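Participant: Predicted model and sequence below, questions to follow.
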Amino acid sequence: MTVRLYRNPIQRHGDFADPFVLRHDGRYYLYCTNPDVRCWSSDDLIDWRLEGPTLADDEFPGLVPFAPEVVYADGVFWMYTSPSGHGHFVLRSDAPTGPFRKATGNVGHAIDGNVFIDDDGRWYFYWAGDEGIWGCEMPSPTEFGEPVLTGIDMDGWTEGPFVSKRDGVYFMTLTGNHYLSTGYRIDAASGDHPLHGWVADPWNPILVDTESSRVGLGHSSSVRGPDLVSTYLVYHDIKPDASRDLDIDRQVWNGRSIQVLGPTDSAPAPAHPDAESRGVCRLPVGGAFTAEANLTATEAAQAYGLGISVPGAAALTLLADRAASSVRAERDGVVLATASLPADFVHEALHCWRVEADGTRLRLFVDGRLQFTLPLQVPPGSVLEAVGDELIIGHCAATATTPDAGDRDAVIPVPGAFGAVLPADGPLTRRIHVQAPGEYTVHLATDSGVVSTHVALEPDTRSLTITGSAGRSEPARVTVAPAASTEPARIAEATASGWGKTILDPRIRDDVTITANLSFAPTAPGGHADLLLRATQLSEGGEGGDTRLGTHFLRGYSVQLHDDRIVLARHAYDERVLAQRSMTLEPSRPYALRVRATGARLVVELDGATVIDVVDPLPHHFGRTGIRTADAELHIEDLHIDPNDPVHH
């Protein structure tokens, strides 16, 4: 079977900065930073057509509306944007394509506003400030409560928050570094409250690329795919002329972590639902499924919604009750569950009804808000239909799976990485898409350690199977990377001073032993000189030239020589000290350094004595060898890079 592929970027030459995608009634609407906030529409997230400007010239004369986002609620489309970064305005329209007109004056709150509506109907607004990401509750779509600092930032320039909710957990994506930097990147965080207690994702950054033709990846939004169960991250990359192109990649959840299956050059196109219609709602369902129906009630409709006809049993009805301002589940006259609708719920507006069933429970969402969960099985052969004669039916669709199962079945790009639970009673199999044929190394990291193996992958390779040996289920992270170089390397001499980092050996290495004779001298208090290993995605701060701000802008490890200690640190655009050893190091004296990296274990020797021996629970598996200085001078002689024994097969 031929699989339709898309290629990133999916849209070019339109300056698609800060993309936001609204899904409404089965269609997609794209808004970006540009003077008239032009709107594009799509049925599949891949092919976009220009709808035209959504703002008149007199809305913000002489200013550019930054990072526009549009929220639909009860028949109204609300736009939130910050004209040239001078605080936010709220605009409203009766259509997703506009025209939008101002509904408020300047409400402040800096830049990059994002709206999240919780299950209980409460609205929240998030924005970026100098201190990180702020948030507040919204009494209405045009009112803003007391600001709260969420505590999430990206060690400097932080912007572009986007908040969602999954299985009771709040998730945020956000972007950091200067937007002109190649190291513009996306982080994630999670929490149990929309404003407090946010925790950074341990696998941050979740998206970064400084080494390909598409760099500066950031300012994202997330949107549900056409199949109703997938989620796609929509983001931009930057070109040499500072224009931005549009990209998408699959987003999945692994516990409390968000993972982006990318960045990709090519990937399978977003899937369509198994069944869909417009104007009529009659969908086959049963077992595990997800279904949506967009319904508008007329004034005459008092009780309306969805019914599930079950073979040989009474139908299940999911009904909105206008008089009671509630929604209920009912079977054979027995009410199984109820939930209150918002007090200002407009029945005559279009609302999206969503049903998720996994074979043991059924959940009802209205406009994305979870109403209730029923312990219920829907047998195969059932039919979901609209209930109520006084209804206008929009887009309806159904897919025979759930979001959780869809994430487990998502196609993994190669090269790439993904999280999973390695089963105790059988193999783990994942569908893959090989973007470039060749030799690869598969790294499997679990609590039991790291196991690696070489594989040859061709474009027609469709799956990857891994069998565990721990005898129990355990979380795992799988990384599929181009096979590392097995050629040794020698660098006779290298020097560095001040602030900065440099790659000395451009070849990718994984398990490796590095030896060198070196001397260093701090040029200011706290100065240190470092060896970098397994280093990738190097960048600098600011617009790309600030070496001091960009000190930790890399993935990999540093072995740091200070005048009073030796430090081994892990970097993921930050610094986390894995181990250190107090000792006096004399400036300008030559030292013999030896570092051995094997799987997740890193051993550091100085002058023949082991000073650090540590296992990284979140290991970087591969990268390049280099040096870094921070207020110090470094001189290296006779640097040897020798691959360790071949990886396990």
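Facilitator: All right, it came through fine.
Participant: Tell me which residues are up against stretch 354-361.
Facilitator: 228, 285, 287-292, 306, 308, 318, 362-366, 368, 373-378, 384, 402-405 (Cβ atoms under 8 Å, 6 or more residues apart in numbering). No exception for glycine: its C-beta is placed from N, CA and C like everyone else's.
Participant: can you list the domains in the chain?
Facilitator: If you go by automatic domain parsing, the domain ranges for the chain are 15-268, 275-402, 411-482, 489-643.
Participant: ranking the ones you listed by mean pLDDT, which is last?
Facilitator: Among these, domain 411-482 carries the lowest mean pLDDT, at a mean of 89.
Participant: dump the residue contacts of the residue nearest the centre of the chain.
Facilitator: The residue lying closest to the centre of the chain (Cα atoms, centre = their mean) is residue 260, at 4.8 Å. By Cβ under 8 Å, 6+ apart, the contact set of residue 260 is 186, 206-207, 233, 249-251.
Participant: I'd like the domains of the chain laid out as CSV, including distance to residue 9.
Facilitator: What follows is the domains of the chain, written out as CSV (distance: least, Cβ to Cβ, whole Å):
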stretch, distance to residue 9
domain 15-268, 4
domain 275-402, 27
domain 411-482, 15
domain 489-643, 19
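Participant: biggest separation within the contacts of residue 260, which pair?
Facilitator: 186 and 250 (13.9 Å; Cβ to Cβ).
Participant: what residues do those two have in common as contacts?
Facilitator: Contacts common to residue 186 and residue 250, judged by Cβ under 8 Å, 6+ apart, are 233, 260.
Participant: about what we covered before: gap between the residue nearest to the centre of the chain and residue 169?
Facilitator: As defined by Cβ to Cβ, to the nearest Å, residue 260 lies at a distance of 17 Å from residue 169.
Participant: can I assume residue 501 is in contact with residue 529?
Facilitator: No. Residue 501 is not in contact with residue 529 according to Cβ atoms under 8 Å; the separation is 11.0 Å.
Participant: between the two, what contacts are shared?
Facilitator: 627-629.
Participant: out of those residues, who's nearest residue 84?
Facilitator: Nearest to residue 84 among the shared contacts of residue 501 and residue 529, with distances taken as Cβ to Cβ, is residue 628, at 37.1 Å.
Participant: List the contacts of the closest one.
Facilitator: Neighbours of residue 628 in contact, by Cβ under 8 Å, 6+ apart: 496, 500-502, 529-530, 532, 551, 558.
Participant: And the strands in the stretch 151-300 of the chain?
Facilitator: Secondary structure of the stretch 151-300 of the chain (DSSP state E, counting those that start in this stretch): strands at 158-166, 169-176, 185-191, 199-200, 215-224, 231-238, 244-254, 257-261, 266-268, 275-278, 282-285, 288-297.
Participant: So for residue 566, which of those strands sits nearest?
Facilitator: Closest among these, using Cβ to Cβ: strand 199-200, at 27.1 Å.
Participant: That closest one - contacts with which helices or strands?
Facilitator: strand 185-191 (3 or more Cβ pairs under 8 Å, 6 or more residues apart in numbering; DSSP states H and E).
Participant: what's the angle from the strand it packs on to strand 244-254?
Facilitator: 30 degrees (axes from the mean of the first three to the mean of the last three Cα atoms, to 10 degrees).
Participant: what packs against strand 185-191?
Facilitator: Strand 185-191 packs on strand 169-176, strand 199-200, strand 215-224, strand 257-261, going by 3+ Cβ pairs under 8 Å, 6+ apart.
Participant: That one to strand 215-224, inter-axis angle?
Facilitator: Using the same axes, to 10 degrees: strand 185-191 against strand 215-224 is 40 degrees.
Participant: who's in contact with strand 185-191?
Facilitator: Against strand 185-191 from outside (Cβ under 8 Å, 6+ apart): 152, 154, 160, 169-177, 197-201, 203-208, 217-218, 220, 233, 235, 256-258, 260, 573.
Participant: Tell me the buried residues within these.
Facilitator: 152, 154, 160, 170-177, 198, 200-201, 203-208, 217-218, 220, 233, 235, 256-258, 260, 573 (16 or more other Cβ atoms under 10 Å).
Participant: Give the closest residue to residue 122 in space, chain neighbours not counted.
Facilitator: The shortest distance from residue 122 to any non-neighbouring residue, by Cβ to Cβ, 6 or more residues apart in numbering, is to residue 137 (6.2 Å).
Participant: which residues pair with the one you found across the strands?
Facilitator: Under DSSP bridges, the beta-bridge partners of residue 137 are residue 124.
Participant: ok, now which ones touch it?
Facilitator: 122-125, 145-146, 195 are the contacts of residue 137 under Cβ under 8 Å, 6+ apart.
Participant: Most neighbours among these, which one?
Facilitator: residue 125 (25 neighbours; other Cβ atoms under 10 Å).
Participant: okay but that residue is in contact with residue 133, surely?
Facilitator: No. Using Cβ under 8 Å, residue 125 is not in contact with residue 133, being 11.1 Å away.
Participant: Could you tell me which of the contacts of stretch 354-361 belong to strands?
Facilitator: 285, 288-292, 306, 308, 318, 362-366, 373-374, 384 (DSSP state E).
Participant: Using ChimeraX, define a selection of the buried residues within these.
Facilitator: Buried residues among the ones in strands among the contacts of stretch 354-361 (16+ other Cβ under 10 Å), as a ChimeraX selection:
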select :285,288,289,290,291,292,306,308,318,362,363,364,365,366,374,384
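Participant: Write down the beta-bridge partners of residue 128, one by one.
Facilitator: residue 111, residue 133.
Participant: how far does stretch 97-104 stretch from start to finish?
Facilitator: Its start and end residues considered, stretch 97-104 measures 20 Å (Cα to Cα, to the nearest Å).
Participant: what separates that stretch from the chain centre, distance-wise?
Facilitator: Centre-to-centre, stretch 97-104 and its host chain are 30 Å apart (Cα atoms, centre = their mean, to the nearest Å).
Participant: got the buried residues for it?
Facilitator: So for stretch 97-104, counting by 16+ other Cβ under 10 Å, buried means 97-98, 100.
Participant: Repeat that for stretch 508-524.
Facilitator: 508-516, 518-522.
Participant: Same check on stretch 597-612?
Facilitator: Buried residues in stretch 597-612 (16+ other Cβ under 10 Å): 597-600, 602-606, 611-612.
Participant: wait, which of these is closest to residue 60?
Facilitator: residue 600 (52.2 Å).
Participant: tell me the contacts of the nearest residue to the closest one once chain neighbours are set aside?
Facilitator: Using Cβ to Cβ, 6+ apart and skipping the chain neighbours, the partner closest in space to residue 600 is residue 619 (3.9 Å). Applying Cβ under 8 Å, 6+ apart, we find residue 619 in contact with 443, 445, 450, 599-600.
Participant: How much space separates residue 431 from residue 46?
Facilitator: 19 Å.
Participant: Out of the two, name the residue with the larger neighbour count.
Facilitator: residue 46 (17 against 13).
Participant: Which residues are in contact with that one?
Facilitator: So residue 46 contacts 6, 10, 248, 269-270 (Cβ under 8 Å, 6+ apart).
Participant: which stretches of the stretch 401-550 of the chain form helices?
Facilitator: 403-408 (DSSP state H, counting those that start in this stretch).
Participant: Stretch 440-456: which residues count as buried?
Facilitator: Buried-residue list, stretch 440-456, by 16+ other Cβ under 10 Å: 440-446, 450-452.
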